[in-house]
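> no letters, just coordinates:
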């Protein structure tokens with residue numbers, strides 16, 4: 001075995017050991033405290049949207065509190081969820097009735113993307129702290145309102161962009177920020193292909209599903225099975241395809257490493273023209289230019305992950321690996337423990353300095369610790385609004401079929417009325433977000 005292989009093995013072994021024993025950087029022994037000491041100390045949790053990821057996050061939350069309420073517009077889903085979480089939770093078709101339940105302290109949200117903003121706002125105004133799945137918003141203007149409401153209400157909101165709590169992604173970002181690849185020049189992000197399909201048949205609405213409530217703010221259309229549940233993400237009305245699915249994860253990490261917000265966006269795409277079929281862009285790419293000159297390219301084909309390239313090296317990271325010569329060199333040149341900078345995205349000229357980010361190992365645990373401490377969590381609303389807005393910028397450029405200029409401070413397209421109209425969408429009466 002080569003010395004380089006031995007060095008890499010030694011690094012990975014020591015890194016794993018450090019991650020296993022290091023506490024959160026926000027508080028000293030948060031993981032221990034997050035496990036409530038008595039039944040009376042355990043937060044009471046209401047879980048909204050219980051299909052797929054909604055059940056996953058509710059299960060993770062149950063390690064830190066008790067599930068006392070469940071809401072889902074699909075009767076089969078909510079009844080299955082109650083069976084899974086015991087007979088204690090009350091069940092609701094309408095999440096607003098769950099928010100009326102006075103004994104609920106914390107809400108988890110796993111509903112489709114077009115519901116996230118309204119549900120978070122309603123939960124905050126009802127006095128609940130919130131863990132919400134990514135992507136945080138459907139539009140950029142939703143994010144502007146949401147950040148305002150979270151500040152006004154003082155609630156703790158953690159977004160489920162859990163890659164921020166994964167040691168591989170944190171290590172890659174920290175190394176980029178500390179200059180281990182020299183001056184950052186380019187970032188390449190590969191997301192994967194958007195699904196294609198259709199036309200799909202119009203069907204009768206299943207008796208177990210409240211289709212009107214599922215649609216929420218979006219246009220009222222006949223029921224098509226493929227619009228609902230998991231495949232909603234391939235319809236522009238409800239989501240944004242891979243740009244807001246994998247993009248909400250990878251663009252968040254990429255931009256965390258860049259430490260800036262983009263000022264120019266270009267894109268290529270093919271738009272499907274299938275009646276009653278998936279309608280997000282296919283064969284797409286996007287290029288973002290940042291004030292420092294860094295260029296981020298987003299592609300739909302290649303090895304899923306993020307490549308940071310600088311003047312002195314490069315680092316590739318995804319959910320399975322973090323690799324590159326600078327990573328291997330850590331065995332002999334470890335990182336300082338007090339150099340990492342996070343940016344306050346409301347005040348971009350004010351970076352805040354923290355310790356090493358390999359301290360956080362549990363995204364849900366970090367949330368419950370911050371609920372008790374009344375602190376901002378690692379994946380907070382301000383930063384996640386900016387990350388998902390970057391995803392939205394790419395989709396807007398694709399939708400218009402042209403390049404765009406962006407002002408991060410005003411969060412508008414200067415002098416571009418056509419593009420500015422796409423900062424928001426028309427909302428169906430009775431479901432407006434205010």
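Nice, I can see it. These numbers come from a predicted model, not from an experiment.
> pLDDT on stretch 309-321, on average?
Stretch 309-321 comes out with an average pLDDT of 98.
> quote the end-to-end distance of that stretch.
16 Å (Cα to Cα, to the nearest Å).
> what residues does that stretch touch?
With contact meaning Cβ atoms under 8 Å, 6 or more residues apart in numbering, stretch 309-321 is reached by 163, 166, 168-169, 171-172, 175-176, 179-188, 253, 303-308, 322-327. To be clear about C-beta, it is placed using only N, CA and C from the backbone, and glycine gets the same treatment.
> try 7 Å this time
Residues from elsewhere that reach stretch 309-321, judged by Cβ atoms under 7 Å, 6 or more residues apart in numbering: 168-169, 172, 175-176, 181-186, 304-308, 322-327.
> could I get the buried residue list for that stretch?
Within stretch 309-321, the residues that qualify as buried are 309, 310, 313, 314, 315, 316, 317, 318, counting by 16 or more other Cβ atoms under 10 Å.
> show me how far stretch 83-97 is from its chain's centre.
Distance of stretch 83-97 from the chain centroid (Cα atoms, centre = their mean, to the nearest Å) equals 25 Å.
> give the buried residues for it.
Within stretch 83-97, the residues that count as buried by 16+ other Cβ under 10 Å are 85, 89, 91, 92, 95.
> if we can go back for a sec, what subset of the contacts of stretch 309-321 is buried?
Using 16+ other Cβ under 10 Å, the buried ones in the contacts of stretch 309-321 are 168-169, 172, 175-176, 181, 184, 305-308, 322-324, 326-327.
> so of the residues you listed, which ones are in strands?
Under the assignment DSSP state E, the buried ones among the contacts of stretch 309-321 contribute 184, 305, 306, 307, 308, 322, 323 to strands.
> got JSON lines for the residues you listed, with distance to residue 70 too?
JSON lines is the format used below for those (distance: Cβ to Cβ, whole Å):
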{"residue": "184", "distance to residue 70": "45"}
{"residue": "305", "distance to residue 70": "35"}
{"residue": "306", "distance to residue 70": "36"}
{"residue": "307", "distance to residue 70": "41"}
{"residue": "308", "distance to residue 70": "41"}
{"residue": "322", "distance to residue 70": "37"}
{"residue": "323", "distance to residue 70": "42"}
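> the helices in the chain, which residues?
For the chain, applying DSSP state H gives helices covering 3-21, 30-34, 53-61, 75-84, 95-99, 116-125, 140-153, 167-177, 211-215, 246-258, 325-328, 363-373, 381-400, 417-420.
> so for the first one, mean pLDDT?
Read that as helix 3-21. The average pLDDT for helix 3-21 rounds to 33.
> still on that earlier bit, from the ones in strands among the buried ones among the contacts of stretch 309-321, which is closest to residue 400?
Each of those was checked against residue 400 using Cβ to Cβ; the closest is residue 306, at 26.2 Å.
> who's in contact with that closest one?
187, 189, 250, 253, 254, 317, 318.
> for PyMOL, what selects the buried ones among the residues you listed?
Burial among the contacts of residue 306 is assessed by 16+ other Cβ under 10 Å; the matching PyMOL selection reads:
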select buried, resi 187+189+250+253+254+317+318
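> can you add distance to residue 402 and give the contacts of residue 306 back as JSON lines?
Below are the contacts of residue 306 laid out as JSON lines (distance: Cβ to Cβ, whole Å):
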{"residue": "187", "distance to residue 402": "23"}
{"residue": "189", "distance to residue 402": "21"}
{"residue": "250", "distance to residue 402": "24"}
{"residue": "253", "distance to residue 402": "27"}
{"residue": "254", "distance to residue 402": "23"}
{"residue": "317", "distance to residue 402": "32"}
{"residue": "318", "distance to residue 402": "31"}
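> quick check, nearest of the contacts of residue 306 to residue 370?
Using Cβ to Cβ, residue 253 comes nearest to residue 370 of those, at 20.3 Å.
> just the pLDDT at the closest one, thanks.
With respect to pLDDT, residue 253 has a value of 97.
> counting neighbours, what do you get for residue 211?
17 (other Cβ atoms under 10 Å).
> was I right to think it contacts residue 205?
Yes: counting by Cβ atoms under 7 Å, residue 205 is a contact partner of residue 211 at 4.5 Å.
> what's across from the nearest residue in space to residue 184 that is not next to it in sequence in the sheet?
In space, residue 184 comes closest to residue 310 once its chain neighbours are excluded; the distance is 4.9 Å by Cβ to Cβ, 6 or more residues apart in numbering. Beta bridges link residue 310 to residue 184, residue 313, judged by DSSP bridges.
> quick one: residue 310 from residue 183, how far?
Distance of residue 310 to residue 183, computed by Cβ to Cβ, to the nearest Å: 6 Å.
> then residue 241?
Residue 241 is 33 Å from residue 183, by Cβ to Cβ.
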